[in-house]
Structure formats: C-alpha cells, structure tokens
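K.L.:
My questions are about this predicted structure, shown below with the sequence.
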Amino acid sequence: MLVGGSLWGKWVQTNLLKRKSFWEVKESSHIGSWIFRKMLKMRSVAKTFYMKAVGNERHTSFWYDKWTELGVMSDLLGDRGVMDLGIRREATVEEALCNNRRRKRHRRVLLNDIEKELEIIKAKQRADVKDVDLWRGNMRFKQKFSTHLTWQLTRAPGAQCTWSRGIWFSQTNPKFAFMAWLALRDRLTTMDRVSNWSQDVDTACVLCKNATETKKHIFFECSFSSRIWETITKGILLNIYSTSWDDIIRLITNQFMEKKKRFALRYAFQTALYMICTERNKRRHGEQPRPLLVLAKLIDKAIKNKLSLVQSKGVRGLEGILQYWFGTRM
Ligand SMILES: [Zn+2]
C-alpha cells in the first residue's frame, strides 16, 4: 500500500502517518477512514508477509520494520528496548549502524543476539543499493507482491473457498477488493451486528430508512442501493440479473462467464460495494446524503476510469472493454 508509490499511499503517508511508521500508529487511533482503521487492525496478519532486504538501510525503520529473521524489534523488546539499546524510536537501521556506535555487552541474551545481527547487517550494508521491500511467497520472500498468492497463504489450509477468485483477480483495486473481502467474511459492521454487542443503537438502514441494516439488505435488497445496482449491472446481466447477495456471489465467481463480461461485473460489484459502504458511513456520521443519481454516476465514472486503464494496458482478452461497457448501458 505505502511502498507501491500509489497516490493514495502517498496521501496516507503525508496526512495520516506524518513522520510515523504504519506499524507504529496505535490501533485505538481515530485517524483516517473506516477502511484505514480496519487495515490497522489487520497489521498483525500483514506483518508476517512483509520484510525489508539489506541495502543502504536509509529507509528502513530500526524499530518497526522487519529487517532481520529475529523479528520486529519493537515486538521483541517493547518500550524498554529503546533504553537498553540506546537507539531512538525514529531511528533508521542506517542510523543504528552509524560509525561511532560500539558493540555493547548486555545481560539479556536476546540483546546480544541483536548486537550480533547488527554486525552482520553492517558487513552487508551497501551505500549504493536501495532497501528493497519483500513479500512472502510460498518458500521465501520475493520482490513481487501477488494478491492471489497472499490470499492463498492467509486462508486456513484445506478450507475450500469458492468466492476468492471473484474478489482477488488481476487488475483489481486492492482497496475495493479488501472491502469486498470483509463483506464476504461477514466482517462489515452493519447495524444488525452492532446491536449484538451494543444496546440502544438505531438499526435502521440509513439509505432507505425502511428496514433493519443487514449485509444482505444493503447489498442489494435496499430500495436505494438496488436502484444503483440495477443502473450499473442490469445491462450486463440481462435475464440473469439479481439483487440477491447469494445470487450475485455465484455470478461473480462463475469462471465460465465471457472474460469481458466477467471482469466488468466483478469490478462493478467491488466499486458499488465500496462506494455504497462509504456513503452509508458518511450518513451515519451525519454528513449530507448524496442523491442516488450522483452516487450512481460516481460509480459509473470510477468503473470507466478503470476499464480505460485496463484497455490502454492491452490486457489479453479485455481488448475493447470500454466499448463493451458502453454497449451495456441502458
Ligand atoms: Zn435500505
């Protein structure tokens, strides 16, 4: 997210994290959007998938990035470690290795192991090579991130998951896919779930104000969201069109659907889900509701932008996908 150099990643870095590390921000923090806070909550899982490789160590946090097989320093040593090692909290690995630092002797075995590791890293340090981000693969860490492989590695071995291919596919938007994944795993904080642990909450749907807010209601039984779903996908699905969550999941996971149709439908599903969720959250927080047509237009525009990008990349099987989209508008 942050290392890919995406616009969103840069925005998060500048406005939300400021000088802090993504791994350092407190989970109870109120910064950022709902989805950003969900990401903070998933860090313990994400952490096992990411590490830094030795280079000049200039952009690797000593305390919060994983730069050694021993683990992440802040997890291993806690707050006391800062004092024990005499390395400040904001230090990069380069700073920790800085010239004048002499190896100390400690009473704790772990601290001595870390000192040893620092010496090994110092020997490998190369001023002309940048630090590299590595992602967990099947056997070892690799430079290329694969959503598919990461998904395979996060799920319980042997558990059959029929819907993953409808969520994690080539050219997807990770932010949208993540939200869809939460929905599929029943992890969205819809009001029917909130009422299980918190009493006296208003469980009415903020989009139509006419039913209890459940996942299946918002996607897409609700009179408000169903009209958006219809505008976006009726022309693609025609006689197999449905507003039922179970039907839609079956459709997006159907491998035999023609490739352009399948991509357009899957992407439309993620975009609609994400935008409707955002609208729902804004309304819950007292923001001015956006009219149905405005939201439908925004979703259509976001989809068209993606299809145009995919088309310009020349992805095999998706040639002319933008024209396909225009052809399905009713
Ligand atoms: Zn509703």
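P.N.:
That came through fine.

K.L.:
Nearest to the ion within the stretch 1-150 of the chain, name that residue for me.
P.N.:
Trp34 (18.5 Å; C-beta to the ion). Bear in mind the C-beta positions are built from the backbone N, C-alpha and C, glycine included.

K.L.:
Would you mind naming the helix or strand containing the nearest residue to that residue once chain neighbours are set aside?
P.N.:
Nearest residue to Trp34, sequence neighbours excluded (C-beta to C-beta, 6 or more residues apart in numbering): Asn281, at 5.3 Å. Taking DSSP states H and E as the criterion, Asn281 maps to helix 259-284.

K.L.:
The following helix or strand past that helix - contacts with which helices or strands?
P.N.:
Downstream of helix 259-284, the next assigned helix or strand under DSSP H and E is helix 292-313. With contacts taken as 3 or more C-beta pairs under 8 Å, 6 or more residues apart in numbering; DSSP states H and E, helix 292-313 sits against helix 223-237, helix 259-284, helix 321-327.

K.L.:
returning to what we had before: measure the residue of the stretch 1-150 of the chain closest to the ion to Cys277 for me?
P.N.:
As for Trp34, its distance to Cys277 is 8 Å (criterion: C-beta to C-beta, to the nearest Å).

K.L.:
Which residues does the helix or strand containing Asp246 contact?
P.N.:
Counting by DSSP H and E, the element that carries Asp246 is helix 245-252. With contact meaning C-beta atoms under 8 Å, 6 or more residues apart in numbering, helix 245-252 is reached by 163, 166-167, 184, 215-216, 219-221, 237, 240, 242, 257, 262, 265-266, 269.

K.L.:
repeat that with 10 Å
P.N.:
Contacting residues not belonging to helix 245-252 are listed as 162-163, 165-167, 169, 180, 183-184, 214-221, 229, 233, 236-237, 240-242, 244, 257, 261-262, 265-270, 272-273 [C-beta atoms under 10 Å, 6 or more residues apart in numbering].

K.L.:
for it, which positions count as buried?
P.N.:
Within helix 245-252, the residues that qualify as buried are Trp245, Ile248, Ile249, Leu251, Ile252, counting by 16 or more other C-beta atoms under 10 Å.

K.L.:
How about stretch 11-19?
P.N.:
Buried-residue list, stretch 11-19, by 16+ other C-beta under 10 Å: Val12, Gln13, Leu16, Leu17.

K.L.:
returning to what we had before: go through the helices and strands packed on helix 292-313 and name the closest to Lys142.
P.N.:
Nearest to Lys142 among these is helix 259-284 (25.8 Å), distances taken as C-beta to C-beta.

K.L.:
For that closest one, what is the distance to the chain centroid?
P.N.:
Its chain's C-alpha centre and that of helix 259-284 lie 15 Å apart, by C-alpha atoms, centre = their mean, to the nearest Å.

K.L.:
And for stretch 292-307?
P.N.:
Worked out by C-alpha atoms, centre = their mean, stretch 292-307 lies 21 Å from the chain centre.

K.L.:
Would you map out the domains in this structure?
P.N.:
According to automatic domain parsing, the chain is divided into the following domains: 42-145, 164-327.

K.L.:
now, of those domains, which is deepest in the fold?
P.N.:
A comparison of these by mean neighbour count, using mean count of other C-beta atoms under 10 Å, puts domain 164-327 on top with a mean of 17.
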